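> Provided below for reference: sequence and predicted model.
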Amino acid sequence: MKWEFRKMDDYGELIFSGEITVQCISELLPVLSRSLDKVQRLALRLEGVECVDISFLQLLCAAHKTSCRLMKELTRFERIVRVR
Amino acid sequence: MSGSFGFDSVSGFAHEAETVFSLVRNGTLPVDRELIDLTLRARDWISAEFAGSGGKGETERMVLADSFRRISATAIEAGTMAPASRDCADGCVPPAKRIICRIRFKPSPDALISRPDPVCLLNELRHLGECSIVAHLHQIPPLESITPEKCYTYWDILLTTDQGINAVRDVFIFIQDESEVRIDILHEDDGPSVEPAYRKLGQILVERGDLSPEDVEACLSKQKRFGEILVDEGLASPSHVESALREQKIVQEARIGSRMPDILSSVKVPSEKLDKLVDLVGELVTASARLSRITGMNDDPRFASVAEEVERLTGELRGELRDTTLNIRMMPIGETFGKFRRVVRDLSRELGKEVEIITAGEETELDKTVIEKLNDPLVHLIRNSIDHGIEPPEVREAATGDCRADGGPCRERFHELPDSKHAVDDAEGAFRQE
């Protein structure tokens, strides 16, 4: 898995690529938390993601709950090629 | 039941037969030729009693009752038998029952690290039949408190399958100790029929004319649905409500589906009424043709325009009515074929010949009057074929013909030749054209 964070004022983009599975999911948790802390609106870009598993989907749900609590906006990702 | 109507002799006799059939039903007794013979004779005797034989068949009754008693006593003495040999008399396998089951699958917290992956199990269920899966996500904590490798998700699955409950259980066989798996059967195709709920209040009021459908719609749009109230009150999560609604819909559809064939497969109508309907439609068509003819002969334009208008309005409808009415009288010929089995069975036993009747084209539809007329000639043909056309088993076995190599019962079959004429297998290795 690779990731990149881009920030423009209060808007940020978190760009992922590769496989996001339980093997690397613990790396992703701090990335998501920090990114949400830095911006008011965070967009997840997943065009380069090759496959995900349940652990990633759970993390997205958790991020959504946190963003709601912080009154921030987490926009929906676009497309996942395959769910493993 | 027969006892209630005063047929005491039938009642006592039927009781002996029922004992034997109970043994067949619970697998203690296999169905063999002797039992089929006895059953058919018993049916004939009961029919004769109901028709008022006046006690003439008393000897037959005693013989049959003794035979049933002997069979049941022998079977009870012999105990149970292997289940594999008691499926059907002719070795057929009964069709699998369709079931709908609800599965609550809560994987263990470390299910994402250990194997098998829960998604693989869900995919296995999909292979068993039609699946409706709802994931429950409400136990997933926010980012601050989540352990990302832990499984917080659980699923409700509604599976419609004909693979049997054991196949469903087998999917979870390797994870059942550490996971929570609950499987409930909600519906079985041949299970006890449960009456669907009666009409709702609004439907009754509309039917009675006390309320218009628009009023019902307007009132319903004002009220919250029960599921919405539960979610708003925090008593259930949206996924729980969605899962329950899917269950309601799927099981209701299955119950209605399994009841439909009983309710709608056929309606008995006296043939006189049917004939009257056909006559009336015939008269309508004739009257219509007359009207067209008179219009053509008459020069009055007012009359012609009225006739044209009538023709335009009723022409297509009339044709459809005629075709539909004539089609009502069309029946599949297969029902007639069923009667031949008994004829063939009795006659082949009587003559000591091994005959199996194989029919094709049961779905062909013919007018009911034609079918009725066909019955006697066909029975005559079959009787003649068995009597004069089919050799005794020893002759057939001696011939090379199409006798089965394993020495099983010989078969008499009609084969269609390329020139569409029919031939009979003469058991001597050649086909004689008829």
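Yes, it's here.
> what about stretch B:207-220, distance to the chain center?
Distance, stretch centre to chain centre, for stretch B:207-220: 38 Å (Cα atoms, centre = their mean, to the nearest Å).
> buried residues, that stretch. List them.
Within stretch B:207-220, the residues that count as buried by 16 or more other Cβ atoms under 10 Å in any protein chain shown are B:211, B:216. C-beta coordinates here come from the backbone N, C-alpha and C atoms, glycine included.
> in the stretch 251-400 of chain B, which spans are strands?
Residue ranges of the strands in the stretch 251-400 of chain B, as given by DSSP state E, counting those that start in this stretch, are B:330-332, B:365-367.
> what is the last one packed up against?
What that stands for is strand B:365-367. Secondary-structure packing of strand B:365-367 (3 or more Cβ pairs under 8 Å, 6 or more residues apart in numbering or on different chains; DSSP states H and E): strand B:330-332.
> neighbouring strands - and their directions - for the strand it packs on?
strand B:365-367 (antiparallel) (DSSP bridges).
> what about the partner strand, distance to the chain center?
That offset, for strand B:365-367, works out to 22 Å (Cα atoms, centre = their mean).
> do stretch B:164-177 as well
That offset, for stretch B:164-177, works out to 29 Å (Cα atoms, centre = their mean).
> residues in contact with it: which ones?
B:96-97, B:99, B:101, B:103, B:105, B:107-108, B:111, B:116, B:121, B:124-125, B:128, B:159, B:161, B:179, B:181, B:183, B:185 (Cβ atoms under 8 Å, 6 or more residues apart in numbering or on different chains).
> do the same with stretch B:338-348
Against stretch B:338-348 from outside (Cβ under 8 Å, 6+ apart): B:40, B:354-357, B:359, B:375, B:378-379, B:382-383, B:386-387.
> let's see it at 6 Å
B:355, B:357, B:379, B:382, B:386 (Cβ atoms under 6 Å, 6 or more residues apart in numbering or on different chains).
> between which two of these is the distance greatest?
Greatest spatial distance among the contacts of stretch B:338-348 (Cβ to Cβ): B:Val355 and B:Val379, at 14.3 Å.
> how close does B:Ser72 get to B:Asp300?
85 Å (Cβ to Cβ, to the nearest Å).
> residue numbers of the stretch 1-150 of chain B in contact with chain A?
Near chain A, the residues belonging to the stretch 1-150 of chain B are B:112, B:137, B:140, B:142-143, B:146, B:148-149 when assessed by Cβ under 6 Å from any Cβ of the partner chain.
> top of those residues by neighbour count?
B:Leu112 (25 neighbours; other Cβ atoms under 10 Å in any protein chain shown).
> sorry, back to before: now the strands of the stretch 251-400 of chain B as JSON lines including mean neighbour count and mean pLDDT?
Shown next, in JSON lines, are these (neighbours: other Cβ atoms under 10 Å in any protein chain shown; pLDDT from 0 to 100):
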{"stretch": "strand B:330-332", "mean neighbour count": "15", "mean pLDDT": "83"}
{"stretch": "strand B:365-367", "mean neighbour count": "14", "mean pLDDT": "84"}
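> please tabulate those strands in CSV, including the columns distance to A:Glu4.
What follows is those, written out as CSV (distance: least, Cβ to Cβ, whole Å):
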stretch, distance to A:Glu4
strand B:330-332, 70
strand B:365-367, 71
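> could you pull out the strands for chain A?
A:2-8, A:11-20, A:41-52, A:73-75 (DSSP state E).
> and for B:Leu128, the neighbour number?
18.
> ah, wrong one, I meant B:Lys273
Around B:Lys273 there are 9 residues (other Cβ under 10 Å).
> quick one on the thing from earlier: between B:Ser72 and B:Asp300, who's got more neighbours?
Taking neighbours as other Cβ under 10 Å, B:Ser72 and B:Asp300 compare with B:Ser72 leading, 20 against 10.
> low-scoring stretches of the chain, by residue?
Going with chain A. Low-confidence segments of chain A (pLDDT under 70): A:77-84.
> should've been chain B
B:1-9, B:11, B:53-56, B:79-96, B:190-199, B:208, B:258-265, B:400-434.
> in stretch B:340-353, what's buried?
In stretch B:340-353, counting by 16+ other Cβ under 10 Å, buried: B:340, B:344-345, B:347-348, B:353.
> wait, which of those residues is closest to chain A?
B:Phe340 (58.0 Å; Cβ to the nearest Cβ).
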